[in-house]
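*Asks:* could you work out the structure for the sequence below:
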Amino acid sequence: MIRIEASQSEDNVSHSFYQDLLAEVMAETEDEYGSVNIVNLDLNVSQSRGLQLLNSDMLDVFWAGTSIQREENYAAVPVPLTAGLLGIRVPVIKKHNLAVFEAINTPEQLKKLKACQGSQWPDSDILEFNGYVVERVISFNLMYSMLKQDRCDYFPRGLNEVYAELSAPTNTEFIPFEKVLLRYPLPMYFFVKRENTQLQTRIHRGLIQLIDSGKFALFLKQHPITKDIFPLERLSHARIFELVNPHLPATTPTNNAQLWWRIPVVDTGVEIQ
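*Replies:* Below you'll find the model as predicted:
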């Protein structure tokens, strides 16, 4: 049995992507390690608390954006679960604010507005480090509510998350503003307890096998949560604001094109690095 956290809210549709990917990994490694059931525990905790539950043996696997501190405290499986696309952030805005965002041409203009982000997400630290204003929100199920109440101006969502979330009937007043993207290196990893080296090895082996066989690319392009990202070329003309991630571990595989996908620049033939 592998215990994971259940989805925190109906808005958090990306939970199914990671659970399904973990199931694919377990199936891929079943011949070597045996079959296993994935069980959702009804927990509603912050990211830091969820990671702590690994060390207290209440959870077996937790997925989160990585950081130097997190990799020191827990065992990371260093394979980006969304091919690095989590760090490409699409501002979710209210439809009636479209004109405000259409006028944005520089990072300085966007920095005058307020972003909603998770209080303990690495994203909040990254945004603030780069001079953006952040309204830190403790729970995911409050994020879109805060945006609805104009407590913040935009909610930067990962490219792998935004389209599925905005397809929910409760989010019809929002749109993804694709003309401006924020980008920083932040891979989502599976984490396990530091001492659980067998599970860490199994997950790593399964992910690499899925990538090498082409099954991972197919999974990413066909899964209901991520299929609307593609083709990536349609975002080639977006204005991209680059951010520094000061907490990125030096071992992060950002130069491995197999693990870290790019947005091609179709008009020049050059890929954005």
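*Asks:* from now on I want contacts and neighbour counts done on CA atoms only, so please keep to that.
*Replies:* Fine.
*Asks:* give the residue spans of this protein that score low on pLDDT.
*Replies:* Scanning the chain for pLDDT under 70 picks out 8-12, 265-273.
*Asks:* most centrally placed residue in it?
*Replies:* The chain has Leu86 as the residue nearest its centroid, 3.8 Å off, counting by CA atoms, centre = their mean.
*Asks:* how near is that residue to Leu259?
*Replies:* Counting by CA to CA, to the nearest Å, the separation of Leu86 from Leu259 is 12 Å.
*Asks:* likewise Asp57?
*Replies:* 30 Å.
*Asks:* more neighbours: which of the two?
*Replies:* Leu259 (20 against 12; other CA atoms under 10 Å).
*Asks:* tell me the secondary structure at that one.
*Replies:* Of the three states, Leu259 takes coil under DSSP: H, G, I helix; E, B strand; the rest coil.
*Asks:* all helices of the protein, in order?
*Replies:* 15-28, 30-33, 47-55, 68-73, 98-102, 107-110, 122-129, 143-148, 162-166, 197-213, 215-222 (DSSP state H).
*Asks:* can I get those in TSV with mean neighbour count?
*Replies:* Listed next are those as TSV, based on neighbours: other CA atoms under 10 Å:
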stretch	mean neighbour count
helix 15-28	18
helix 30-33	11
helix 47-55	18
helix 68-73	14
helix 98-102	13
helix 107-110	16
helix 122-129	18
helix 143-148	18
helix 162-166	20
helix 197-213	17
helix 215-222	16
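*Asks:* looking at those, which is nearest to Arg136?
*Replies:* The closest of the helices of the chain to Arg136 is helix 122-129. By CA to CA, the value is 7.1 Å.
*Asks:* for that closest one, C-alpha coordinates in PDB please.
*Replies:* Taking C-alpha atoms only, helix 122-129 is exported to PDB below (Å, rounded to 0.1, in the frame of the first residue of the first chain):
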ATOM      1  CA  PRO A 122       8.300  27.700  -3.300                       C
ATOM      2  CA  ASP A 123       6.600  29.900  -6.000                       C
ATOM      3  CA  SER A 124       5.800  32.600  -3.400                       C
ATOM      4  CA  ASP A 125       9.400  32.800  -2.300                       C
ATOM      5  CA  ILE A 126      10.500  33.000  -6.000                       C
ATOM      6  CA  LEU A 127       8.000  35.700  -6.900                       C
ATOM      7  CA  GLU A 128       8.900  37.800  -3.900                       C
ATOM      8  CA  PHE A 129      12.700  37.300  -4.500                       C
END
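*Asks:* which helices and strands does it pack with?
*Replies:* Packed against helix 122-129 by the contact rule (3 or more CA pairs under 8 Å, 6 or more residues apart in numbering; DSSP states H and E) you find strand 114-118, strand 133-137.
*Asks:* chain center to the last one, what's the gap?
*Replies:* Taking the mean C-alpha point of strand 133-137 and that of its whole chain, the gap between them comes to 17 Å (CA atoms, centre = their mean, to the nearest Å).
*Asks:* one more: stretch 50-70?
*Replies:* 15 Å.
*Asks:* could you work out the end-to-end span of that stretch for me?
*Replies:* Terminal-residue distance, stretch 50-70 (CA to CA): 12 Å.
*Asks:* what comes into contact with that stretch?
*Replies:* 2-5, 18, 47, 74, 121-122, 186-194, 247-249 (CA atoms under 8 Å, 6 or more residues apart in numbering).
*Asks:* let me have the helices of the chain in TSV, extended by distance to Glu242.
*Replies:* Below are the helices of the chain laid out as TSV (distance: least, CA to CA, whole Å):
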stretch	distance to Glu242
helix 15-28	26
helix 30-33	41
helix 47-55	25
helix 68-73	20
helix 98-102	17
helix 107-110	9
helix 122-129	11
helix 143-148	24
helix 162-166	19
helix 197-213	27
helix 215-222	24
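*Asks:* nearest to Cys116, of the ones you listed?
*Replies:* helix 143-148 (6.6 Å).
*Asks:* the closest one packs against which elements?
*Replies:* By 3+ CA pairs under 8 Å, 6+ apart, helix 143-148 packs against strand 88-94, strand 114-118, strand 155-158.
*Asks:* and these, which is most packed in?
*Replies:* strand 88-94 (a mean of 24; mean count of other CA atoms under 10 Å).
*Asks:* lovely, talk soon.
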